[in-house]
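Trainee: Sequence first, predicted coordinates after that:
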Amino acid sequence: MKPAILDDDFFRRGTLRVARDLLGKHLVGRVNGAELALPITEVEAYDGPNDRACHAHRGRTARNAVMFGPPGFWYVYLCYGVHWLLNIVTGPEDFPAAVLIRGAGDVCGPGRVTRRFGITGDQDRKSAGPAAGLWIEDRGLRVRRKEIERTPRIGIGYAGPVWSSKPYRFVWDGVRS
DNA sequence: TAAGTGATCTCT
DNA sequence: GAGATCACTTAA
């Protein structure tokens, strides 16, 4: 199968579906002039205005505005004043949702993924693709359902018992090199 | 286990 | 404008 860059149609679907399907797809970027591609191993879904863990839950702000736009755009923000976190906007326009990329290849942890790829606020609000220097490809890697683990999301206790316990985190443990 | 770190958001 | 908060990481 020929590598295919994922486009709007892939990301326009339901957030949970996109999140699950993102496992095994390759995050591709340019680092120091060379191309770096790592298969995505861990993601979390943040699904719209009713999701109390989603940044868009309290309405549109300058920071989260990109989530209200069309799918396939990067949402990058600084967390704890230290770490950049990488999200891809999902769902139709005006439905604020995104998927957080928490792990790729042998890199575990959302802050470490961005550091590995050299991602900063520069990519924020850009459309995922070569022009942004950062995109996602389907390279034909096959992910079996049994290899996917679903757990609650990390670090969102503030969202209350209902939303913080939703199994919106997807981990692929079938990656082998 | 605790602190660093600074943008962002919610009050005054 | 001030104060609290935070989708994390690292060093103990």
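Mentor: That came through, no problem.

Trainee: For A:Pro3, see how far away A:Leu141 is.
Mentor: Per Cβ to Cβ, to the nearest Å, A:Leu141 is found 10 Å from A:Pro3. (Each C-beta comes from the backbone N, C-alpha and C, glycine too.)

Trainee: shared neighbours of those two, which are they?
Mentor: By Cβ atoms under 8 Å, 6 or more residues apart in numbering, A:Leu141 and A:Pro3 have these common neighbours: A:His26.

Trainee: what about those two, which has more around it?
Mentor: Legend: neighbour count by other Cβ atoms under 10 Å for A:Leu141 and A:Pro3, higher for A:Leu141 (16 against 11).

Trainee: nearest spatial neighbour of the more buried one, skipping sequence neighbours?
Mentor: Leaving aside its sequence neighbours, A:Leu141 sits nearest to A:Gly24 (Cβ to Cβ, 6 or more residues apart in numbering; 4.1 Å).

Trainee: Tally up the residues packed near that neighbour, please.
Mentor: Neighbour number of A:Gly24 under other Cβ under 10 Å is 21.

Trainee: I'd say it and A:Arg142 touch.
Mentor: Yes: A:Gly24 is in contact with A:Arg142 according to Cβ atoms under 8 Å; the separation is 6.9 Å.

Trainee: For the residue nearest to A:Leu141, give me its contacts.
Mentor: A:Gly24 makes contact with A:39-40, A:141-143, A:172, A:175, according to Cβ under 8 Å, 6+ apart.

Trainee: Buried members of those residues into ChimeraX, please.
Mentor: Applying 16 or more other Cβ atoms under 10 Å to these leaves a buried subset, and the ChimeraX line that selects it is:
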select /A:39,40,141,143,172,175
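
Trainee: for chain A, longest strand please?
Mentor: strand A:34-47 (DSSP state E).

Trainee: bridging residues for A:Glu137?
Mentor: A:Ile5, A:His26 (DSSP bridges).

Trainee: ok, it - contacts?
Mentor: Neighbours of A:Glu137 in contact, by Cβ under 8 Å, 6+ apart: A:3-6, A:25-26, A:28, A:37.

Trainee: what residues are up against the nearest residue to A:Arg144 once chain neighbours are set aside?
Mentor: Of all residues not flanking A:Arg144 in the chain, A:Gly174 sits nearest, at 6.3 Å (Cβ to Cβ, 6+ apart). Contact criterion Cβ under 8 Å, 6+ apart gives A:143-144, A:147-148 as the residues in contact with A:Gly174.

Trainee: Which pair of those residues spans the longest distance?
Mentor: Of all pairs drawn from the contacts of A:Gly174, the widest gap by Cβ to Cβ lies between A:Arg144 and A:Ile148 and measures 7.7 Å.
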